[in-house]
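Engineer: From the sequence below, what's the structure:
(one chain, ligands or ions: 2)
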Amino acid sequence: ERKAALAASSGPGATSDGHKVPLLANVGGPADVPAAVEAGAEGVGLFRTEFLFLDDSKKAPSEEKQIESYRKVLEAFPEGRVVVRVLDAGADKPLDFLTPGDEPNPALGVRGLRSLLDHPDVLRTQLTALAKAAEGLPVYLEVMAPMVADRIDAKAFADACREAGLKAKFGAMVEIPSAALRARSILQEVEFLSLGTNDLAQYAFAADRQVGAVSRLQDPWQPALLDLIAMSADAAKAEGKSCGVCGEAASDPLLACVLTGLGVTSLSMGAASIPYVRATLAKYTLAQCERAAAAARAADSAEEARVAAQAVLSGE
Ligand code: PEP
Ligand code: MG
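Structural biologist: Ligands and ions are numbered 1, 2, ... in the order given. Purely as a prediction, here's the structure:
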(Lines give C-alpha, C1' and ligand atoms only; values in the text may rest on other atoms or scores of the structure.)
(Ligands and ions follow the chains in the order given, each with its own letter.)
Protein backbone atom coordinates (compact mmCIF):
# COMPACT_ATOMS: atom_id res chain seq x y z
CA GLU A 1 0.00 0.00 0.00
CA ARG A 2 2.85 2.30 0.93
CA LYS A 3 4.57 1.61 -2.39
CA ALA A 4 1.38 2.35 -4.33
CA ALA A 5 0.90 5.60 -2.44
CA LEU A 6 4.45 6.65 -3.24
CA ALA A 7 4.14 5.70 -6.90
CA ALA A 8 1.01 7.85 -7.11
CA SER A 9 2.87 10.65 -5.40
CA SER A 10 3.87 13.38 -7.81
CA GLY A 11 3.00 16.97 -8.52
CA PRO A 12 2.73 19.87 -6.13
CA GLY A 13 2.20 19.34 -2.40
CA ALA A 14 -1.42 19.74 -1.31
CA THR A 15 -4.00 18.43 1.12
CA SER A 16 -6.78 16.17 -0.23
CA ASP A 17 -9.06 19.22 -0.58
CA GLY A 18 -6.51 21.16 -2.59
CA HIS A 19 -4.88 23.44 0.00
CA LYS A 20 -1.42 23.94 -1.50
CA VAL A 21 1.70 23.43 0.60
CA PRO A 22 4.79 23.69 -1.62
CA LEU A 23 7.28 20.90 -0.90
CA LEU A 24 10.83 22.18 -1.21
CA ALA A 25 14.24 20.61 -0.80
CA ASN A 26 17.07 21.32 1.62
CA VAL A 27 20.37 21.37 -0.28
CA GLY A 28 23.99 21.99 0.61
CA GLY A 29 25.15 22.80 -2.93
CA PRO A 30 24.92 21.74 -6.59
CA ALA A 31 25.66 18.08 -5.74
CA ASP A 32 22.30 17.77 -3.97
CA VAL A 33 20.28 19.19 -6.87
CA PRO A 34 19.68 16.00 -8.96
CA ALA A 35 18.04 14.20 -6.01
CA ALA A 36 15.85 17.23 -5.33
CA VAL A 37 14.69 17.41 -8.96
CA GLU A 38 14.14 13.64 -9.04
CA ALA A 39 11.93 13.84 -5.92
CA GLY A 40 9.81 16.51 -7.60
CA ALA A 41 10.81 19.33 -5.26
CA GLU A 42 9.00 22.54 -6.20
CA GLY A 43 12.16 24.45 -5.45
CA VAL A 44 14.70 24.81 -2.67
CA GLY A 45 13.52 25.93 0.76
CA LEU A 46 16.95 25.92 2.39
CA PHE A 47 20.25 26.23 0.55
CA ARG A 48 22.83 25.84 3.32
CA THR A 49 25.64 27.90 1.81
CA GLU A 50 28.13 27.14 4.58
CA PHE A 51 29.31 23.96 2.85
CA LEU A 52 30.99 26.12 0.22
CA PHE A 53 32.81 27.93 3.01
CA LEU A 54 33.95 24.81 4.84
CA ASP A 55 36.53 23.99 2.13
CA ASP A 56 38.86 26.60 3.56
CA SER A 57 38.30 27.81 7.09
CA LYS A 58 40.99 30.52 6.71
CA LYS A 59 39.17 32.72 4.20
CA ALA A 60 35.88 33.12 2.35
CA PRO A 61 35.56 31.66 -1.17
CA SER A 62 36.02 34.25 -3.93
CA GLU A 63 33.01 36.02 -5.41
CA GLU A 64 33.54 34.08 -8.67
CA LYS A 65 33.54 30.73 -6.89
CA GLN A 66 30.37 31.66 -5.04
CA ILE A 67 28.59 32.83 -8.22
CA GLU A 68 29.41 29.52 -9.91
CA SER A 69 27.99 27.43 -7.08
CA TYR A 70 24.85 29.56 -6.56
CA ARG A 71 24.11 29.67 -10.28
CA LYS A 72 24.17 25.87 -10.60
CA VAL A 73 21.48 25.59 -7.93
CA LEU A 74 19.38 28.51 -9.25
CA GLU A 75 19.45 27.17 -12.83
CA ALA A 76 17.96 23.84 -11.76
CA PHE A 77 14.60 25.34 -10.75
CA PRO A 78 13.27 27.49 -13.60
CA GLU A 79 10.01 29.16 -12.47
CA GLY A 80 10.63 27.67 -9.01
CA ARG A 81 11.59 29.21 -5.72
CA VAL A 82 15.08 29.01 -4.30
CA VAL A 83 15.60 30.19 -0.74
CA VAL A 84 19.26 30.80 -0.03
CA ARG A 85 20.45 31.11 3.53
CA VAL A 86 23.44 33.36 4.01
CA LEU A 87 26.37 31.86 5.82
CA ASP A 88 25.54 30.27 9.17
CA ALA A 89 28.97 29.97 10.77
CA GLY A 90 29.77 29.44 14.42
CA ALA A 91 28.63 26.97 17.10
CA ASP A 92 28.54 23.55 15.39
CA LYS A 93 30.04 25.06 12.17
CA PRO A 94 33.00 27.24 13.27
CA LEU A 95 35.12 29.09 10.68
CA ASP A 96 38.53 30.41 11.75
CA PHE A 97 38.16 33.76 10.01
CA LEU A 98 34.71 34.47 11.49
CA THR A 99 34.22 32.62 14.73
CA PRO A 100 35.83 33.82 17.96
CA GLY A 101 37.80 30.87 19.34
CA ASP A 102 37.39 31.68 23.01
CA GLU A 103 33.65 31.60 23.57
CA PRO A 104 32.48 29.78 26.71
CA ASN A 105 29.15 28.89 25.03
CA PRO A 106 29.56 28.93 21.22
CA ALA A 107 25.87 28.17 20.60
CA LEU A 108 25.05 31.35 22.54
CA GLY A 109 27.86 33.38 21.04
CA VAL A 110 28.73 35.00 17.75
CA ARG A 111 27.14 32.71 15.19
CA GLY A 112 24.87 33.02 12.15
CA LEU A 113 23.84 36.55 11.28
CA ARG A 114 25.78 37.86 14.27
CA SER A 115 29.11 36.87 12.74
CA LEU A 116 28.13 38.35 9.36
CA LEU A 117 27.18 41.69 10.92
CA ASP A 118 30.64 41.66 12.55
CA HIS A 119 32.18 40.99 9.10
CA PRO A 120 30.11 43.11 6.69
CA ASP A 121 32.58 42.48 3.86
CA VAL A 122 31.83 38.73 3.94
CA LEU A 123 28.07 39.39 3.90
CA ARG A 124 28.42 41.96 1.10
CA THR A 125 30.43 39.58 -1.10
CA GLN A 126 27.89 36.81 -0.57
CA LEU A 127 24.90 39.03 -1.38
CA THR A 128 26.63 40.50 -4.45
CA ALA A 129 27.50 36.98 -5.65
CA LEU A 130 23.85 35.96 -5.24
CA ALA A 131 22.62 39.01 -7.16
CA LYS A 132 25.01 38.22 -10.02
CA ALA A 133 24.20 34.49 -9.98
CA ALA A 134 20.48 35.19 -10.36
CA GLU A 135 20.90 37.70 -13.20
CA GLY A 136 18.82 36.72 -16.22
CA LEU A 137 17.44 33.54 -14.64
CA PRO A 138 13.66 33.02 -14.36
CA VAL A 139 13.92 31.94 -10.74
CA TYR A 140 12.23 33.38 -7.65
CA LEU A 141 15.23 34.08 -5.47
CA GLU A 142 14.65 34.52 -1.76
CA VAL A 143 17.44 35.19 0.71
CA MET A 144 17.24 34.65 4.44
CA ALA A 145 19.38 35.16 7.50
CA PRO A 146 20.00 32.52 10.17
CA MET A 147 19.75 33.31 13.89
CA VAL A 148 17.69 36.51 13.74
CA ALA A 149 16.91 37.48 17.34
CA ASP A 150 14.88 40.67 16.96
CA ARG A 151 13.78 43.52 14.71
CA ILE A 152 17.21 45.20 14.88
CA ASP A 153 18.80 42.05 13.40
CA ALA A 154 16.09 41.82 10.73
CA LYS A 155 16.58 45.47 9.73
CA ALA A 156 20.37 45.14 9.57
CA PHE A 157 19.99 42.15 7.22
CA ALA A 158 17.35 43.83 5.03
CA ASP A 159 19.56 46.96 4.77
CA ALA A 160 22.55 44.85 3.70
CA CYS A 161 20.40 43.13 1.02
CA ARG A 162 19.18 46.48 -0.32
CA GLU A 163 22.70 47.93 -0.32
CA ALA A 164 23.92 44.96 -2.36
CA GLY A 165 21.21 45.68 -4.95
CA LEU A 166 19.66 42.28 -4.48
CA LYS A 167 16.40 41.77 -6.35
CA ALA A 168 14.99 39.11 -4.09
CA LYS A 169 12.64 38.68 -1.17
CA PHE A 170 14.46 39.02 2.17
CA GLY A 171 13.47 36.79 5.06
CA ALA A 172 14.35 35.85 8.61
CA MET A 173 14.79 32.41 10.06
CA VAL A 174 12.95 31.81 13.30
CA GLU A 175 15.43 29.78 15.33
CA ILE A 176 15.46 31.71 18.57
CA PRO A 177 12.36 31.83 20.80
CA SER A 178 12.56 35.66 20.96
CA ALA A 179 11.97 35.75 17.20
CA ALA A 180 8.83 33.62 17.49
CA LEU A 181 7.53 35.71 20.38
CA ARG A 182 8.04 38.94 18.43
CA ALA A 183 7.47 37.64 14.89
CA ARG A 184 5.16 40.49 13.94
CA SER A 185 7.81 43.03 14.84
CA ILE A 186 10.41 41.17 12.73
CA LEU A 187 7.94 41.05 9.83
CA GLN A 188 7.95 44.86 9.72
CA GLU A 189 11.45 44.50 8.19
CA VAL A 190 11.32 41.30 6.11
CA GLU A 191 8.93 39.60 3.71
CA PHE A 192 8.87 36.04 4.99
CA LEU A 193 9.73 33.75 7.89
CA SER A 194 11.31 30.30 7.81
CA LEU A 195 11.28 28.17 10.95
CA GLY A 196 14.56 26.42 11.71
CA THR A 197 13.03 23.92 14.09
CA ASN A 198 16.35 22.22 14.94
CA ASP A 199 17.77 25.34 16.54
CA LEU A 200 14.39 26.56 17.75
CA ALA A 201 14.04 23.36 19.80
CA GLN A 202 17.64 23.67 21.04
CA TYR A 203 17.08 27.20 22.31
CA ALA A 204 13.52 26.72 23.59
CA PHE A 205 14.51 23.71 25.69
CA ALA A 206 18.08 24.70 26.59
CA ALA A 207 19.06 21.34 25.09
CA ASP A 208 22.20 21.19 22.94
CA ARG A 209 21.32 19.60 19.59
CA GLN A 210 24.65 17.73 19.61
CA VAL A 211 24.17 16.13 23.02
CA GLY A 212 22.43 12.77 22.79
CA ALA A 213 21.63 12.69 26.50
CA VAL A 214 19.10 15.54 26.07
CA SER A 215 17.59 14.31 22.79
CA ARG A 216 14.17 13.83 24.45
CA LEU A 217 13.96 17.62 24.61
CA GLN A 218 14.93 17.96 20.94
CA ASP A 219 11.84 16.04 19.80
CA PRO A 220 10.05 18.27 17.27
CA TRP A 221 6.68 17.03 18.56
CA GLN A 222 7.20 18.88 21.85
CA PRO A 223 4.00 20.90 22.40
CA ALA A 224 6.02 23.97 23.44
CA LEU A 225 7.79 23.89 20.06
CA LEU A 226 4.41 23.56 18.33
CA ASP A 227 3.25 26.66 20.25
CA LEU A 228 6.24 28.68 19.00
CA ILE A 229 5.56 27.49 15.44
CA ALA A 230 1.88 28.43 15.73
CA MET A 231 2.82 31.86 17.05
CA SER A 232 5.10 32.48 14.06
CA ALA A 233 2.57 31.21 11.51
CA ASP A 234 -0.20 33.33 13.06
CA ALA A 235 2.01 36.44 12.92
CA ALA A 236 2.83 35.82 9.26
CA LYS A 237 -0.84 35.32 8.42
CA ALA A 238 -1.76 38.56 10.20
CA GLU A 239 0.89 40.38 8.14
CA GLY A 240 -0.13 38.67 4.87
CA LYS A 241 3.29 37.00 4.60
CA SER A 242 4.56 33.44 4.35
CA CYS A 243 6.03 31.21 7.05
CA GLY A 244 7.73 27.97 6.01
CA VAL A 245 9.48 25.24 7.97
CA CYS A 246 12.95 24.10 6.92
CA GLY A 247 14.05 22.13 9.99
CA GLU A 248 13.91 18.36 10.46
CA ALA A 249 10.30 18.64 11.67
CA ALA A 250 9.11 19.03 8.07
CA SER A 251 10.43 15.60 7.06
CA ASP A 252 8.13 13.62 9.40
CA PRO A 253 4.99 12.97 7.28
CA LEU A 254 2.58 13.03 10.23
CA LEU A 255 4.17 16.13 11.71
CA ALA A 256 4.07 17.77 8.26
CA CYS A 257 0.26 17.46 8.42
CA VAL A 258 0.27 19.03 11.88
CA LEU A 259 2.52 21.88 10.68
CA THR A 260 0.09 22.47 7.81
CA GLY A 261 -2.72 22.59 10.35
CA LEU A 262 -0.76 25.17 12.35
CA GLY A 263 -0.73 27.44 9.30
CA VAL A 264 2.75 26.83 7.94
CA THR A 265 2.81 27.76 4.23
CA SER A 266 5.64 25.57 2.83
CA LEU A 267 7.72 22.60 3.95
CA SER A 268 11.39 22.10 3.12
CA MET A 269 13.24 18.85 3.80
CA GLY A 270 15.90 16.43 2.58
CA ALA A 271 14.89 15.24 -0.90
CA ALA A 272 14.39 11.64 0.22
CA SER A 273 11.48 12.64 2.48
CA ILE A 274 9.50 14.57 -0.14
CA PRO A 275 7.54 11.63 -1.66
CA TYR A 276 6.47 10.41 1.79
CA VAL A 277 5.35 13.84 2.95
CA ARG A 278 3.53 14.46 -0.35
CA ALA A 279 1.66 11.11 -0.14
CA THR A 280 0.63 11.61 3.51
CA LEU A 281 -0.48 15.22 3.10
CA ALA A 282 -2.64 14.20 0.10
CA LYS A 283 -4.66 11.86 2.36
CA TYR A 284 -6.12 14.53 4.64
CA THR A 285 -8.14 17.72 4.35
CA LEU A 286 -6.90 21.02 5.73
CA ALA A 287 -9.64 20.83 8.40
CA GLN A 288 -8.33 17.41 9.51
CA CYS A 289 -4.80 18.81 9.69
CA GLU A 290 -6.09 21.70 11.79
CA ARG A 291 -7.85 19.31 14.19
CA ALA A 292 -4.70 17.19 14.44
CA ALA A 293 -2.67 20.33 15.18
CA ALA A 294 -5.08 21.41 17.92
CA ALA A 295 -4.97 17.92 19.48
CA ALA A 296 -1.16 17.89 19.40
CA ARG A 297 -0.95 21.31 21.04
CA ALA A 298 -3.34 20.20 23.78
CA ALA A 299 -1.00 17.35 24.74
CA ASP A 300 1.53 17.46 27.58
CA SER A 301 4.41 15.62 25.96
CA ALA A 302 5.88 14.88 22.55
CA GLU A 303 4.70 11.29 22.71
CA GLU A 304 1.14 12.27 23.66
CA ALA A 305 1.11 14.88 20.89
CA ARG A 306 2.12 12.26 18.32
CA VAL A 307 -0.54 9.80 19.52
CA ALA A 308 -3.23 12.51 19.63
CA ALA A 309 -2.49 13.72 16.09
CA GLN A 310 -2.43 10.14 14.77
CA ALA A 311 -5.78 9.43 16.45
CA VAL A 312 -7.42 12.45 14.84
CA LEU A 313 -6.05 11.64 11.38
CA SER A 314 -6.98 7.98 11.51
CA GLY A 315 -10.50 8.95 12.59
CA GLU A 316 -10.41 7.29 16.00
C1 PEP B 1 17.48 24.58 11.83
O2 PEP B 1 18.12 25.03 12.78
O3 PEP B 1 16.37 23.99 11.97
C4 PEP B 1 17.97 24.73 10.46
C5 PEP B 1 17.20 24.46 9.42
O6 PEP B 1 19.26 25.12 10.28
P7 PEP B 1 20.54 24.19 10.60
O8 PEP B 1 20.02 22.80 10.90
O9 PEP B 1 21.39 24.27 9.40
O10 PEP B 1 21.10 24.88 11.79
MG1 MG C 1 19.74 26.43 12.38
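
Engineer: going forward, measure contacts and count neighbours with C-alpha atoms only.
Structural biologist: Will do.

Engineer: Tell me how many other residues surround G101.
Structural biologist: 12 (other C-alpha atoms under 10 Å).

Engineer: One more: the one 5 residues further on?
Structural biologist: Number of residues near P106 (other C-alpha under 10 Å) recorded here: 17.

Engineer: Please list the residues of the stretch 151-300 of the chain that sit near ligand 1.
Structural biologist: G196, T197, N198, D199, C246, G247 (C-alpha under 6 Å from any ligand atom).

Engineer: in the stretch 1-150 of the chain, what spans have low per-residue confidence?
Structural biologist: 1-8 (pLDDT under 70).

Engineer: In it, what residue lies closest to ligand 1?
Structural biologist: Proximity of the stretch 1-150 of the chain to ligand 1 (C-alpha to the nearest ligand atom) peaks at R48, 6.4 Å away.

Engineer: Please name whichever of the residues of the stretch 151-300 of the chain next to ligand 1 scores lowest on pLDDT.
Structural biologist: Checked by pLDDT, these have G247 as the lowest-scoring entry (91).

Engineer: Am I right that it is in contact with Q218?
Structural biologist: No: contact criterion C-alpha atoms under 8 Å: G247 and Q218 do not qualify, at 11.7 Å.

Engineer: ok, the closest residue to ligand 1 within the stretch 151-300 of the chain - contacts?
Structural biologist: Closest approach between the stretch 151-300 of the chain and ligand 1, counting by C-alpha to the nearest ligand atom: G196, at 3.0 Å. Listed by C-alpha atoms under 8 Å, 6 or more residues apart in numbering, the contact set of G196 reads M173, V174, E175, V245, C246, G247.

Engineer: which neighbours do G247 and Q218 share?
Structural biologist: N198.

Engineer: More neighbours: these two, which one.
Structural biologist: The neighbour comparison of G247 against Q218 (other C-alpha under 10 Å) goes to Q218, with 26 against 23.

Engineer: Give me the neighbour count for the residue nearest to L98 when sequence neighbours are not counted.
Structural biologist: In space, and not counting its chain neighbours, L98 is closest to S115: 6.2 Å by C-alpha to C-alpha, 6 or more residues apart in numbering. Neighbourhood size, S115 [other C-alpha under 10 Å]: 21.

Engineer: S115 contacts V86, correct?
Structural biologist: No: between S115 and V86 there is no contact under C-alpha under 8 Å: 11.0 Å.

Engineer: check contacts around the residue nearest to L98.
Structural biologist: Per C-alpha under 8 Å, 6+ apart, neighbours of S115: A89, G90, L98, T99.

Engineer: repeat for D153
Structural biologist: So D153 contacts L113 (C-alpha under 8 Å, 6+ apart).

Engineer: Using CSV, please lay out the residues of the stretch 151-300 of the chain next to ligand 1 together with secondary structure.
Structural biologist: Below are these laid out as CSV (DSSP: H, G, I helix; E, B strand; the rest coil):
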residue, secondary structure
G196, coil
T197, helix
N198, helix
D199, helix
C246, coil
G247, coil
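
Engineer: Farthest pair within the residues you listed?
Structural biologist: D199 and C246 (10.8 Å; C-alpha to C-alpha).

Engineer: so what's the backbone phi/psi at the residue lying closest to A14 once chain neighbours are set aside?
Structural biologist: Leaving aside its sequence neighbours, A14 sits nearest to K20 (C-alpha to C-alpha, 6+ apart; 4.2 Å). Backbone torsions of K20, given as degrees, to the nearest 10, read phi -80, psi 130.

Engineer: Likewise for K169?
Structural biologist: phi -80, psi 140.

Engineer: quick one: contacts for it?
Structural biologist: Here K169 is in contact with L141, E142, V143, V190, E191, F192 (C-alpha under 8 Å, 6+ apart).

Engineer: Thanks a lot, catch you later.
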